[in-house]
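# Could you look at this predicted model? Sequence included:
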Amino acid sequence: MASTTSAGASGPSWVLVVAAVLVPGLFLASPALRRRYPVAWWLLLGFPAAAFRVMHTWRPLMAGCGLAVSRRPALTVVSGLVGNGAPPPQPQVPRRGLIRPTSGGFVLLVRLLPGQVPEDFVKAAPAMAEGWEVHAVRVTSWKPGIVRIVASASDPLAAPRVPMQRGPGHLLRVSVGVLETGAAWVLDLRRVPHWLIVGATRSGKSTLINALVAGLAPQSVALVGIDCKGGMELSLYGPRLSALATNREQAVRLLAALVDLTLDRMSVCRAARVRNVWGLPDKERPVPVVVIVDEIAELFLVASRSEKDEAQAAGTALIRLAQLGAALGVFLVVAGQRVGSDLGPGVTALRAQLGGRVCHRVADPGTAEMALGDLNPDALKAAQAITPEQAGTAVLASGDGWERARSHLITEAEAEAVAAEYAHLTPVLSELHVEAP
């Protein structure tokens, strides 16, 4: 009995000794740990402290933001009479779920009280961030009656840590940067096949395209470029491009050839009795084609009748590719500094077919409206708040919602080197080699 008691007493004492040594050491080493291993620092020290603040401030914060609901007045009166002056029942607050850590923040679900809507919590997000001492809080609808609160401890867009994808990876899936939540920003063309990317000069638009091409270059895909500014941007990827148009006349012919290519693939699918190219056997499946159009305004601006006919032909071909391409392995990435309805009805019709949108800082509100206005008003406001100092930062949106993100910094020299490194993977598509008339 004596030995058992001694062992039982020594066990907790050793735990206390180890804790007394390790805990102060962790706090002393916290700055160095945070610099070298930010995720480990957050999980060991940052998240426990943040979770405690959330639990400690939940009720007063909900009450201060007007998210608490008072008990029924009759119940309050009865409790005062029966309790001989006892304090009335506390207001009812929304029920909070478990606080789960992420690599750079935390997430929790909250069940709304009767009469509440998600917008009530969206308005309270800045107060939550202040009360919990985190960089930002985002609130989104999760399910009917439930909102999802995502907190970021720091600004992951200030210095993205997600490495650039190397090697082929998943087909048509590229990690191009980091999201505001700290997660990787992944463009998956199989899930969202067509994208519109807008941004003013030095906003990060070209850097994003560099990151996209650098991620696609090692994959078994054909890259096609349309750059009506003489190829100044897309010619960097020349060795990895299966075709490149550098003026509108060439672009019209190339787009017409791409439409014919999709129609040929449609015939193949129909003969094989499959609904898309992904239903074909691997050996019979045609190579996916990613068409990158830089500076879309150059295709639609006209100064004469002949140019108007060319612009109309180009716009019609792009719309047909957007309508047919996803099922037939042809994907569009359309970029520009300015994309507005003043360029003609073709731009608006094309925009409707591009389900993914990326908006960097833009020079005119019409471009931001064209990119995001039909998807989400909150995303539009976030894009309009991007400052010139936030180069590379963008708002991306689709039917699934919206996020703030920042692309990897891929320089022109790095993009050119990647294109040269994987030039041997460039598919030869003879049907796209259209001779000049």
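Here it is on my side, so go on.

# make it CA atoms for all contacts and neighbour counts henceforth
Noted.

# What distance do you get for residue 194 to residue 359?
The gap separating residue 194 from residue 359 is 14 Å, by CA to CA, to the nearest Å.

# Comparing those two, which residue is more hemmed in?
The neighbour comparison of residue 194 against residue 359 (other CA atoms under 10 Å) goes to residue 359, with 33 against 26.

# Surely that one touches residue 391?
No. At 11.8 Å, residue 359 does not count as touching residue 391 under the criterion of CA atoms under 8 Å.

# Can you give me the buried ones in stretch 409-422?
409, 410, 415, 416, 417, 418, 419, 420, 422 (16 or more other CA atoms under 10 Å).

# quick one: average confidence on that stretch?
For stretch 409-422, mean pLDDT is 89.

# same question, stretch 221-233
The pLDDT scores in stretch 221-233 average 91.

# and residue 145, how many neighbours does it have?
15.

# So it sits against residue 119, correct?
No. With contact defined as CA under 8 Å, residue 145 does not reach residue 119; the gap is 11.9 Å.

# circling back to that earlier point, out of the buried residues of stretch 409-422, who's nearest residue 244?
Set against residue 244, the nearest of the buried residues of stretch 409-422 by CA to CA is residue 419 (13.8 Å).

# I'd say that closest one and residue 234 touch.
No. Between residue 419 and residue 234 there is no contact, the gap being 10.8 Å when judged by CA under 8 Å.

# Show the pLDDT at residue 183.
Residue 183 is assigned 79 on the pLDDT scale.

# Got phi/psi on it?
Phi and psi for residue 183, reported as degrees, to the nearest 10, are phi -80, psi 160.

# ok, it - contacts?
residue 103 (CA atoms under 8 Å, 6 or more residues apart in numbering).

# contacting residues around the closest residue to residue 47 other than its chain neighbours?
Distances taken as CA to CA, 6 or more residues apart in numbering put residue 101 closest to residue 47, at 6.7 Å, once the chain neighbours are dropped. For residue 101, the contact set (CA under 8 Å, 6+ apart) comprises 43, 47, 107.

# and if you look at residue 351?
Counted by CA under 8 Å, 6+ apart, residue 351 has contacts 196, 370, 371.

# In the stretch 1-150 of the chain, where is pLDDT below threshold?
1-31, 34, 71-89 (pLDDT under 70).

# Tell me what residue 185 is bridged to.
Beta bridges link residue 185 to residue 177, judged by DSSP bridges.

# residue ranges for the helices of the chain, please.
Ranges of helices in the chain, per DSSP state H, are 2-28, 30-36, 38-41, 47-64, 73-82, 118-132, 205-216, 248-272, 297-300, 305-328, 345-353, 365-372, 377-384, 412-421.

# looking at the ones you listed, which is buried most?
helix 205-216 (a mean of 25; mean count of other CA atoms under 10 Å).

# could you give the angle of that one to helix 412-421?
30 degrees (axes from the mean of the first three to the mean of the last three CA atoms, to 10 degrees).

# Now do helix 205-216: distance to the chain's middle.
Between the centre of helix 205-216 and the centre of its chain there are 14 Å (CA atoms, centre = their mean, to the nearest Å).

# For it, name the packing helices and strands.
strand 173-179, strand 401-407, helix 412-421 (3 or more CA pairs under 8 Å, 6 or more residues apart in numbering; DSSP states H and E).

# Name all residues that make contact with the closest residue to residue 429 other than its chain neighbours.
Spatially, and ignoring its direct neighbours in sequence, residue 429 is nearest to residue 242 (6.6 Å; CA to CA, 6+ apart). With contact set as CA under 8 Å, 6+ apart, residue 242 has these partners: 222, 223, 224, 426, 427, 428, 429, 432.

# The same query, at a cut-off of 7 Å, please.
222, 223, 224, 426, 427, 428, 429 (CA atoms under 7 Å, 6 or more residues apart in numbering).

# quick one on the thing from earlier: in a markdown table: the buried residues of stretch 409-422, plus distance to residue 67.
Compiled in a markdown table, the buried residues of stretch 409-422 are given as follows (distance: CA to CA, whole Å):
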| residue | distance to residue 67 |
| --- | --- |
| 409 | 41 |
| 410 | 45 |
| 415 | 50 |
| 416 | 54 |
| 417 | 55 |
| 418 | 52 |
| 419 | 54 |
| 420 | 57 |
| 422 | 56 |
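
# give me the low-pLDDT residue ranges for the stretch 151-300 of the chain?
Those would be 159-169, if you go by pLDDT under 70 across the stretch 151-300 of the chain.

# quick revisit: closest one to residue 129 among the helices and strands packed on helix 205-216?
For residue 129, the closest of these is strand 401-407, at 16.5 Å, according to CA to CA.

# Counting neighbours, what do you get for residue 401?
Neighbour tally, residue 401, other CA under 10 Å: 12.

# now it, nearest residue through space, not along the chain?
Counting by CA to CA, 6+ apart, residue 376 is the residue found nearest to residue 401 once chain neighbours are left out, at 7.7 Å.
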